[in-house]
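1. Provide a 3D model corresponding to the input given below.
(2 chains)
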Amino acid sequence: MKAAILSGKGGTGKTTVSTHLAALFPDALYVDMDVEEPNGDLFLNPEWNDRIPVSVIYPEIDNDKCTHCRNCAAFCRFNALIAGKALTISMKEICHGCGGCALVCPSDAIRYRERIIGYVSRGITRFGSPIISGKMDVGEFSGVPLIDRIRTMDRTEALQIIDSPPGTSCTTVAAVEGCDLAVIVTEPTPFALSDMKRTVEMLRTMKLPFAVVINKAGMGDRGVYDYCRDESIDILGEIPFSLELAGAYATGVMLDSVSPQLQKEYRKIMDGMKRKAGMPGVAV
Amino acid sequence: MNKIKETVVISGKGGTGKTSFTASLVPFMDNAVFADCDVDAPNLSILLEGETVEEEEFSGLQRAVHNSSLCSGCGQCLASCRFGAIKGDFSVHAPSCEGCAVCVHVCPENAMTLEDAVVGKVYESETIYGPLVHASLIPGEETSGRLVSRVRGAARELAEATGRTGILIDGPPGIGCAVISSVTGADSVCIVTEPTLSGLYDLKRVYSMVLRFNPAVFIIINKADLSEDVCRDIEDFAAENGVPVLMKIPFNKKIVQSLSNREIPSVAEADFFENLGWKKALETI
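-> Numbering: from 1, shown residues only, chains lettered A, B, ... in the order given. So this is what the prediction gives:
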C-alpha cells in the first residue's frame, strides 16, 4: 500500500503523522516528497547510505555555429532564450527542458547539458526503517523532477508512507499520483477546512480513495467534523491538541515520549488506512 | 507619483501563522491594497470577508489538444514529448502537459494544436479595510507561480489606479516558484517562523532564497514559548545575519479562538498584541 499523507493547509501535522506511522511500523518505507521543505529526517534521524543527484537539462548554444536566425527564441514558450543580432543566450533556470529549441535550430548549434537541482537520499532511520528523502536546492523553481525521480526508484516495500507537499498544485499532484490511498491531515480551524475542501476536490478528480485524520483535536471549532459527516468522509483518528505534544514536536522528540493512548491512536489510523486500501487491518 | 511599497509575509514552513499575522496588520495599514498570493490555500479572505466586485479567469498556459480525426498514428509526438504527456492513443494527459509545442511542431498531420487552459480565477474584493486581490488555483493545476504574478500585478494596477501607497501580500509556504514569484522585487519581507526544528530549518532555507532579492527582512517568532531552546537558536540565527526579530508572540488559545470566530487576532485580542509591542512593530514595518 502506497499512502500519501497530505493536508492542503501547511502545518497541520503531515510530517508528525507520517513520521509516527513510520516509527510504529518499521516495515514501512517513509518517503519525504515535500522537497521544498523536507523535515522528516529531523525526527527520524536517519543514517544516509546513498545520495543521488537529480538533474534537468538546459540548452547550450554554440555561437560559432549559430546563424542568429532566432528560430529557437521564437519557438520557446517559456522565454528561456534571448536571441540578439550577434549572440544567442539561454537562461537555464527558466528552461523547462522540452527539447524544442534543438528541433528547430537549422544549424545544429544547440546541445543539452545537465545541471543539478537537488538530491534524493536513501537511508535507515533510527527506528531501523527505510527512508527516502528528496531535497530541492534553494533558488530552484520546481521540485517536480525530484518527485519524478523518487517515483521511478526501486521501491519494493509493501507499505509506503508518502509525506507530501502542502497545497494542491503540481508538486502535490506529482507526489500523490500512483498512490493507493490518501490521508488528509487537518485541524479543526476554518483555514484548515477551507484548504481541505480543495484537497478533497483534487483527490476526487484523481479518483483516489481518501480519509481524514484530525490533528490538534479539541481546539478550534466543529466545522471540519460537520463537513466530514456531510460528505461521508471517514475520520480515521484524532490526535488531541496539547502544549506538551507541541513542545515535544518543537525539539524533535517523538515516539519515545508518546503516551500509550496516542500510540494506540496511531495504530488505529494505520488499521483504518489498510482497510480503506482493501487490505487486512492491523492489531490496535 | 509616490513609490508603492510592497511588503510580503512568508514562512518557509506552513502553518506558522502567515495569514494570522498578515490579517493582524491589515486594520493598521492606511491606504493599502491587500493581496493573497497563497493561491493553492487562500485564506486571507476568510478573515477579511469582502464583497467580490470583479472576477477574471486566469489561463497561465496553453496545452496540447489531440485531434484524432487528423492523426495518422505515426507516434512522433509520443517519441518527442519529454514530459510523458502523450498517452498510448496519442491523446494528451493534461496535467503533465507543459504547453511546450514540441508535439505541434513534429506532427506531420497538424493533429496537435495548443489551446488556452484556464487554471484559476483572480478576484478583487472590497473589504472595510480596503481592496483585496485574491485568487484560487483550480485544485491540481500548475503554474501557481504565474498566477501569483498575476495577483501581484492586479494589486499593483489597483494601487496605481486608486493612488494607494502600500501593498501587503500574504505569501505561500515553501521555497519554490510560488514563493519566488511572491518576493521578487518586493521592498520588505516578513518571515513568520515558530520555534520548532522544522520551523528553524525551513526559515534558514527560505532566508537564503530571499537574500537573492535583497529586500529588507524581518523575522516574527510565533508561538514563541513552544521551545525556549529553539527560540534562542532562531534569535541567534537572526543576530548572526543582522535580521531584526520584530516580534515574539507566545502561544495563546484565544488567538486560535479568534480565528475560529473569523476575527482578526490583533483586533479581537488587542490588549494581548499591545503588550507585545505591536505599535512599535507596526512602525518598523
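2. rest of the way, CA atoms for contacts and neighbours
-> Noted.
3. need the longest helix for chain B.
-> Criterion DSSP state H: the longest helix present in chain B is helix B:144-162.
4. Go through it and flag the buried ones.
-> B:144-152, B:154-156, B:158-160 (16 or more other C-alpha atoms under 10 Å in any protein chain shown).
5. what's the answer for stretch B:113-132, then?
-> B:113-114, B:117-126, B:129-132.
6. repeat for stretch B:55-75
-> B:58-66, B:71, B:75.
7. Throw the residues you listed into JSON lines and include pLDDT, thanks.
-> Shown next, in JSON lines, are the buried residues of stretch B:55-75 (pLDDT from 0 to 100):
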{"residue": "B:F58", "pLDDT": "93"}
{"residue": "B:S59", "pLDDT": "89"}
{"residue": "B:G60", "pLDDT": "82"}
{"residue": "B:L61", "pLDDT": "85"}
{"residue": "B:Q62", "pLDDT": "92"}
{"residue": "B:R63", "pLDDT": "94"}
{"residue": "B:A64", "pLDDT": "97"}
{"residue": "B:V65", "pLDDT": "96"}
{"residue": "B:H66", "pLDDT": "97"}
{"residue": "B:C71", "pLDDT": "97"}
{"residue": "B:G75", "pLDDT": "96"}
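8. Any chance of a markdown table for these, columns secondary structure and distance to A:I150?
-> What follows is these, written out as a markdown table (DSSP: H, G, I helix; E, B strand; the rest coil; distance: C-alpha to C-alpha, whole Å):
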| residue | secondary structure | distance to A:I150 |
| --- | --- | --- |
| B:F58 | strand | 31 |
| B:S59 | coil | 30 |
| B:G60 | coil | 28 |
| B:L61 | strand | 27 |
| B:Q62 | strand | 28 |
| B:R63 | strand | 26 |
| B:A64 | strand | 27 |
| B:V65 | strand | 29 |
| B:H66 | strand | 30 |
| B:C71 | coil | 34 |
| B:G75 | coil | 28 |
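9. which of those residues lies closest to A:S194?
-> Taking C-alpha to C-alpha as the measure, A:S194 lies nearest B:F58 of these, at 20.9 Å.
10. my guess is A:M202 is in a helix, correct?
-> Yes: per DSSP: H, G, I helix; E, B strand; the rest coil, A:M202 lies within a helix segment.
11. Next up, the contacts around the residue nearest to it when sequence neighbours are not counted.
-> Nearest residue to A:M202 in three dimensions, chain neighbours excluded: B:P139, at 5.1 Å (C-alpha to C-alpha, 6 or more residues apart in numbering or on different chains). Going by C-alpha atoms under 8 Å, 6 or more residues apart in numbering or on different chains, B:P139 touches A:168-169, A:198-199, A:201-202, B:40.
12. hang on, the earlier thing: what element comes up after the longest helix of chain B heading to the C-terminus?
-> strand B:166-170 (DSSP states H and E).
13. which helices and strands sit right next to that next one?
-> strand B:5-10, helix B:18-25, strand B:32-36, helix B:144-162 (3 or more C-alpha pairs under 8 Å, 6 or more residues apart in numbering or on different chains; DSSP states H and E).
14. The longest one to strand B:61-66, inter-axis angle?
-> Meaning helix B:144-162. 130 degrees (axes from the mean of the first three to the mean of the last three C-alpha atoms, to 10 degrees).
15. Which strands or helices does helix B:144-162 pack on?
-> If contacts are counted by 3+ C-alpha pairs under 8 Å, 6+ apart, helix B:144-162 sits against strand B:32-36, strand B:130-137, strand B:166-170, helix B:177-183.
16. what's around residue 107, how many residues?
-> Let's take chain A. 13 (other C-alpha atoms under 10 Å in any protein chain shown).
17. hm, I was asking about chain B
-> Neighbours around B:C107, by other C-alpha under 10 Å: 20.
18. where does it land on pLDDT?
-> At B:C107, the predicted lDDT confidence score is 97.
19. how about the residues of the stretch 151-285 of chain B that lie near chain A?
-> Contact residues (C-alpha under 8 Å from any C-alpha of the partner chain) of the stretch 151-285 of chain B with chain A: B:173-177, B:180, B:195-198, B:201-202, B:205-206, B:208-209, B:226-227, B:230, B:253, B:256-257, B:259-260, B:262.
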